[in-house]
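>>> only geometry, no sequence info:
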């Protein structure tokens with residue numbers, strides 16, 4: 001889907017919708033930048049205020065799938081010791097669906113893990129955008145995939161079997 005569901009047909013309504021979309025993109029981009037600054041500054045309350053109450057965080061490890069409360073509990077020691085993460089957006093895309101209260105994004109991030117991908121779903125709560133789902137993924141250059149598979153296979157093969165046995 002394109003960044004906007006609105007097509008410019010030359011009418012003032014279309015122009016207005018495009019302007020609204022551009023304004024919302026700026027608002028969301030500013031939110032995501034502030035979101036990253038809050039965690040870099042170990043501002044626990046500010047960072048977690050960007051999430052909805054029913055938010056989900058999905059981390060780089062296959063076992064990291066937390067609701068907001070569990071993610072807060074996991075992250076609290078890092079915030080308390082001021083050993084949080086510092087992500088800076090390198091490239092960001094923001095998209096809107098047919099409803100004006102939902103958006104999603106993906107971005108490449110400069111992190112201590114080198115380039116990662118952050119992606120997620122945002123919902124409008126009142127007049128504010130909030131993160132309802134956040135997914136952090138590490139990128140792997142295609143030329144290095146075989147080497148990475150050799151490293152992760154022993155642990156993940158066990159996890160695959162464990163997860164299959166629970167089906």
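The structure has been received and is ready for your questions. These figures come from a predicted structure and were not determined experimentally.

>>> Tell me the buried residues in the helix or strand of the chain with the lowest mean pLDDT?
Ranking every helix and strand in the chain by mean pLDDT, DSSP states H and E puts helix 12-40 at the bottom, with a mean of 88. Neighbour-count burial for helix 12-40 flags 17, 21, 24-25, 27-28, 31-32, 35-36, 38-39 (criterion: 16 or more other Cβ atoms under 10 Å). The way it works is simple: take the backbone N, C-alpha and C, and place the C-beta from them, glycine included.

>>> Which strands or helices does that helix pack on?
helix 44-49, strand 88-96, strand 102-111, strand 128-138 (3 or more Cβ pairs under 8 Å, 6 or more residues apart in numbering; DSSP states H and E).

>>> now the ones you listed as a markdown table including mean pLDDT?
Below are those laid out as a markdown table (pLDDT from 0 to 100):
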| stretch | mean pLDDT |
| --- | --- |
| helix 44-49 | 98 |
| strand 88-96 | 98 |
| strand 102-111 | 98 |
| strand 128-138 | 98 |
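
>>> Give me the spatial nearest neighbour of residue 134, chain neighbours excluded.
residue 120 (4.2 Å; Cβ to Cβ, 6 or more residues apart in numbering).

>>> Looking at strand pairing, list the partners for the one you found.
Assessed by DSSP bridges, residue 120 has beta-bridge partners residue 105, residue 134.

>>> List the residues that contact it.
104-105, 131-135 (Cβ atoms under 8 Å, 6 or more residues apart in numbering).

>>> No more questions from me, cheers.
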